[in-house]
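1. Kindly generate the corresponding structure for this input.
(2 chains)
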Amino acid sequence: MSPLTVAVMPIGLVFGAVAATKGLSSLEIVLMSALVFAGGSQFVALDIWTHPASWAALGFSALLVNIRHLLMSASIGTKTPAFSGPSRYAAMLLLADEIWAMAEVRAGETRLTPAWYAGLAVPFYLVWIMAGLAGSLAGAFLGDPKALGLDFAFPAVFIVLVMGFWKGRETGAVLAASAAAAVLAHQFLPGVWYIAAGAAAGVVAALFTGERQEACA
Amino acid sequence: MTVDPHTLLAIVAMAFATVLTRLGGLVLIRFMTIGPKQKQALEAIPPAVLMAVIAPTALATGPAETIAALATALVATRLPLLAAVAAGVIVVAVARVFG
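-> Here you go, the predicted structure:
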């Protein structure tokens, strides 16, 4: 089991526990984790959950939160020559943030194979569903996840992963632009636009620093 | 163990939206040629998206989160992923007690 799969357990537990307090049944929680399999959008959904649930609002918020997957699958899609057509599409269905980030790091080091990808993604997927179920059953006993610091497990994983992308000063420019845009957008725009803003600012910074390097050369 | 029809419909809508974004990238690159410029932009996406996801938590939530983010990053330079995540979780919990 990869460290990533262990790290997703507390997040799954917290998701299940919070979902139970919102009045979702254990079966509904398992269904959401299995069919959506995108933690960020699942937490956002709980935030805006109504009774009865509004499929339009929840579907649209999932689209917004997960629009980054479009860029992520485009990026990793160029690094899967070892995959057959169908297996490439199947792999994308399990493209959670953590899976994608690990796959990007891996693709930078060696050739990405379907076996390696499945070995990472399938246990991660199953543990995510099981942890959500366990959380929904144990919800009442878990206590406040914030007091235990468990809500920080997700950002902590991302911090470690982002450091894996460091390639020098150009990366610094991308990260600084993304962080600044994301924090600003987070303060002034509702919902999850900050992720799109940070991504766009980072890409613009990359193109700008790339241009300057060409000019100097 | 019940499933409310409205809830089921909402879950299916969320799943549909997510599948659309996950497969959309593959469709996109079939119709786009990847030159050096596009490659540069694509390579910047991973760190930029990750940074955008964590920046509000790490920089604009409070001192506990900022300190824990720094601790996570520092530990990550020396130790594997799980140790760095554990350090971040412990630091944020302790810092919130004192914060």
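2. which SS state does A:Phe83 fall under?
-> With DSSP: H, G, I helix; E, B strand; the rest coil as the basis, A:Phe83 sits in coil.
3. What residues does the nearest residue in space to it that is not next to it in sequence make contact with?
-> Excluding the flanking residues, the one nearest A:Phe83 by Cβ to Cβ, 6 or more residues apart in numbering or on different chains is A:Pro114, at 5.4 Å. Using the backbone N, CA and C atoms, a C-beta is placed for each residue, glycine as well. Counting by Cβ atoms under 8 Å, 6 or more residues apart in numbering or on different chains, A:Pro114 touches A:82-84, A:87, A:91.
4. Show me which of those are buried.
-> Among the contacts of A:Pro114, those classed as buried by neighbour count (16 or more other Cβ atoms under 10 Å in any protein chain shown) are A:83, A:91.
5. of all the contacts of A:Pro114, which comes closest to A:Thr110?
-> A:Ala82 (10.5 Å; Cβ to Cβ).
6. what about A:Val160, which helix or strand?
-> Element membership for A:Val160, per DSSP states H and E: helix A:153-163.
7. For whichever helix or strand comes after that helix, buried residues please.
-> Next along the chain after helix A:153-163, taking DSSP H and E as the criterion, comes helix A:169-188. Judged by neighbour count (16+ other Cβ under 10 Å), helix A:169-188 contains these buried residues: A:170-171, A:173-175, A:177-186.
8. The residues you listed also near chain B: which ones?
-> Restricting the buried residues of helix A:169-188 to those within reach of chain B (Cβ under 8 Å from any Cβ of the partner chain) leaves A:171, A:174-175, A:177-179, A:181-183, A:186.
9. I'd like to know which helix or strand in chain A has the lowest mean pLDDT.
-> Sorting the helices and strands of chain A by mean pLDDT, DSSP states H and E puts helix A:145-148 at the bottom, at a mean of 74.
10. Output the below-cut-off pLDDT ranges for chain A.
-> A:1, A:140-145, A:212-217 (pLDDT under 70).
11. pull the longest helix from it.
-> Scanning chain A for the helix with the most residues, using DSSP state H, yields helix A:114-142.
12. who's in contact with residue 25?
-> Answering for chain A, as no chain was given. Counted by Cβ under 8 Å, 6+ apart, A:Ser25 has contacts A:136, B:1-4.
13. Correction: the question concerned chain B.
-> Counted by Cβ under 8 Å, 6+ apart, B:Gly25 has contacts A:69-77, A:92.
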